[in-house]
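A.B. asks: heads up, no residue letters with this:
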């Protein structure tokens, strides 16, 4: 059997705020949107990867999602690490830096961690 990872789903308190974060921080764009009786969904991605991020806002959702100990994260490989770091610093979303590993983490509006790493040469 063969399978591939299709998307990662994130429940959020504000679809608009989270979409704006991923657009600015990582250059993702909304590829498809769906609205149902109980939720709104935006699938985000870009040409750089077939993996998608599904952003889900429940109509009757909580005011805040508890993302636990933040052990789950999305990882992004960037072609210009210094420019990405400068942008994320300007956005104020850097959560933790691990220079000895050559990576750092951003936090989305709901606190999901996004690992940022340079492109390997």
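C.D. replies: Arrived safely. This structure is a prediction, so every number in the text was calculated from the model and none was measured.

A.B. asks: CA only for contacts and neighbour counts going forward, please
C.D. replies: Fine.

A.B. asks: My assumption is that residue 84 lies in a helix; please confirm.
C.D. replies: Yes: counting by DSSP: H, G, I helix; E, B strand; the rest coil, residue 84 is part of a helix.

A.B. asks: Find the nearest non-adjacent residue to it, please.
C.D. replies: Closest residue to residue 84 apart from its sequence neighbours, by Cα to Cα, 6 or more residues apart in numbering: residue 78 at 7.2 Å.

A.B. asks: those strands in the protein, which residues are they?
C.D. replies: 7-11, 29-35, 39-46, 49-58, 73-78, 94-98, 103-107, 113-118 (DSSP state E).

A.B. asks: Tell me the buried residues in the second one?
C.D. replies: Of the residues in strand 29-35, those with enough neighbours to count as buried (16 or more other Cα atoms under 10 Å) are 29-30.

A.B. asks: could you dump the strands of the chain to CSV with distance to residue 86?
C.D. replies: Below are the strands of the chain laid out as CSV (distance: least, Cα to Cα, whole Å):
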stretch, distance to residue 86
strand 7-11, 25
strand 29-35, 21
strand 39-46, 21
strand 49-58, 23
strand 73-78, 12
strand 94-98, 10
strand 103-107, 12
strand 113-118, 12
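
A.B. asks: hang on, residue 61 packs against residue 13?
C.D. replies: Yes: Residue 61 is in contact with residue 13 according to Cα atoms under 8 Å; the separation is 6.8 Å.

A.B. asks: okay, those two: which has more neighbours?
C.D. replies: Per other Cα atoms under 10 Å, whichever of residue 61 and residue 13 has more neighbours is residue 13, with 21 against 15.

A.B. asks: contacting residues for that one?
C.D. replies: Going by Cα atoms under 8 Å, 6 or more residues apart in numbering, residue 13 touches 57-58, 61-65, 110.

A.B. asks: Out of those, grab the one that's most surrounded.
C.D. replies: Neighbour max across those (other Cα under 10 Å) = residue 57, 22 neighbours.

A.B. asks: For residue 48, see how far away that residue is.
C.D. replies: 25 Å (Cα to Cα, to the nearest Å).

A.B. asks: Could you do residue 55 as well?
C.D. replies: 19 Å.
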